[in-house]
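Participant: next come a sequence and a model predicted from it.
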Amino acid sequence: MHVDLLLVPFGTTYPELRAAAVAAEAAGFGGVWTWDHLRVAEGGPGAVPEALTTLAGLAEATSRLQLGPLVLNVGTRHPGLLANMAATLQEISGGRFVLGLGAGGSRETPYAREYEQLGLPVEENPLRAARVAEAAQVLRLLWSGGTQSFAGEHYRLHNARGFMQPQPAPPIVIAGFGPRMARLAGRWGDGFNTQAGHPELPRLIELARAAHGASERASEPFEISVFAGLSERWLRAGSNERTRLEALGVGRIILLTQPPYPLPQIAEAGWLLAGG
C-alpha cells in the first residue's frame with residue numbers, strides 16, 4: 001500500500017509547505033497532497049496558498065514524490081484552463097502529477113462561504129457532480145491532441161486544437177462521500193478517494209469498481225485511495241486498520257497533517273513506514 005501525506009494549507013505559508021514536503025520525501029512517503037481552498041474556513045486567521053501554484057513549487061523542491069490536489073473544485077476553473085495548468089505541472093514535475101477532482105463543498109458546508117463571498121454560485125449536488133463528469137471528459141479530450149468538439153450541459157468545445165499534451169496524461173482521481181460520486185469516479189476517473197473511516201466504505205468501493213468495469217475505460221488501471229489523520233495506526237504495516245483497508249483493495253492511504261507541520265513526527269513516520 002502506498003502511504004502519502006496531505007498538508008492542510010489553512011493558515012500556513014509556502015516556505016512551511018515546502019519544508020514539510022522535503023521532510024516527507026526524506027521520510028519515505030510516496031506522495032504529497034494539499035487542499036484547494038481560497039481562505040481559511042469560517043474566516044480564521046492566516047491565509048491559504050493556492051493549490052496548483054503551491055504544487056508547482058513543490059515539484060521543483062522534490063524529485064521523487066507524487067504530487068496532487070485532494071481535490072480541486074471544478075467550479076472555480078474552466079476545464080480548458082485546468083487542462084493547460086495540469087499539463088504544465090506534469091512537465092514541471094517530470095510526470096509526477098496526479099489530478100484530484102471534486103464537486104466542491106455543498107451549501108451546508110463551511111467551505112461554501114468562500115465562494116458566496118466572491119459572488120460565485122454554489123450549485124445543488126447533482127449539478128456540481130455533473131460538472132465533475134464533464135470536466136473529466138473535456139480534460140482527456142484536450143490532452144489527447146487532434147481537433148476536438150464536446151457538447152455538454154456545462155462545458156463545450158468547438159473544434160478545439162493545439163492544446164498542451166502532457167506526457168503522460170495525469171491520472172484523474174475523483175473524490176466524494178456518497179454513491180453518486182463513487183459511480184462517477186468509476187465511470188470517468190482513474191481512481192476514487194473517500195474517508196478511510198467511512199461507515200459505507202465497502203459499498204462505495206464496490207460501486208466505484210462496478211462503474212469502472214462497465215465503462216469504456218474498463219481496461220485502464222483504477223485505484224482506490226482513502227484519507228485519514230497522521231497517526232501510527234495507519235503507518236504500521238500489519239495494523240488492524242491497514243489490514244482492513246488492504247482486504248478491501250485500497251491501494252493508497254493519504255494522511256493529513258495540520259500546520260504548524262510536525263517535522264519530527266514526519267521524520268519518525270518514515271521510521272514506522274520502514275518497519276521500525
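Facilitator: That came in fine, so what should we check first? Numbering: from 1, shown residues only.

Participant: in the protein, which ranges drop under the pLDDT threshold?
Facilitator: Within the chain, the stretches with pLDDT under 70 are 43, 276.

Participant: top helix in it by residue count?
Facilitator: In the chain, with assignment by DSSP state H, the single longest helix is helix 125-143.

Participant: next helix or strand past that one?
Facilitator: For helix 125-143, the succeeding helix or strand toward the C-terminus, using DSSP states H and E, is strand 148-151.

Participant: next SSE after that next one?
Facilitator: Where DSSP H and E defines the elements, the next helix or strand beyond strand 148-151 is strand 156-160.

Participant: in its sheet, which strands sit next to that next one, and in what direction?
Facilitator: Sheet pairing for strand 156-160, assigned by DSSP bridges, gives strand 148-151 (antiparallel).

Participant: now do the partner strand: everything it contacts.
Facilitator: With Cβ atoms under 8 Å, 6 or more residues apart in numbering as the test, strand 148-151 has contacts from Glu134, Gln137, Val138, Leu141, Leu142, Arg156, Leu157, His158, Asn159, Ala160, Arg161. Backbone N, C-alpha and C define where each C-beta goes, glycine included.

Participant: which members of those are the farthest-apart pair?
Facilitator: Pairwise distances across the contacts of strand 148-151 peak at 19.2 Å for Glu134 and Arg161 (criterion: Cβ to Cβ).

Participant: the two: which has the busier surroundings?
Facilitator: Neighbour count, other Cβ atoms under 10 Å: between Glu134 and Arg161, Glu134 has more, with 20 against 10.

Participant: list the contacts of the more buried one.
Facilitator: Glu134 sits next to Pro79, Phe150, Gly152, Glu153, His154, Tyr155 when contact means Cβ under 8 Å, 6+ apart.

Participant: mind running it again at 6 Å?
Facilitator: Gly152, His154, Tyr155 (Cβ atoms under 6 Å, 6 or more residues apart in numbering).

Participant: tally of neighbours for Pro15?
Facilitator: Neighbour tally, Pro15, other Cβ under 10 Å: 10.

Participant: which of the contacts of strand 148-151 has the largest number of neighbours?
Facilitator: Neighbour max across the contacts of strand 148-151 (other Cβ under 10 Å) = Leu142, 27 neighbours.

Participant: tell me the buried residues in stretch 209-227?
Facilitator: For stretch 209-227, a neighbour-count test (16 or more other Cβ atoms under 10 Å) marks Arg209, Ala211, His212, Ser215, Arg217, Phe222, Glu223, Ile224, Ser225, Val226, Phe227 as buried.
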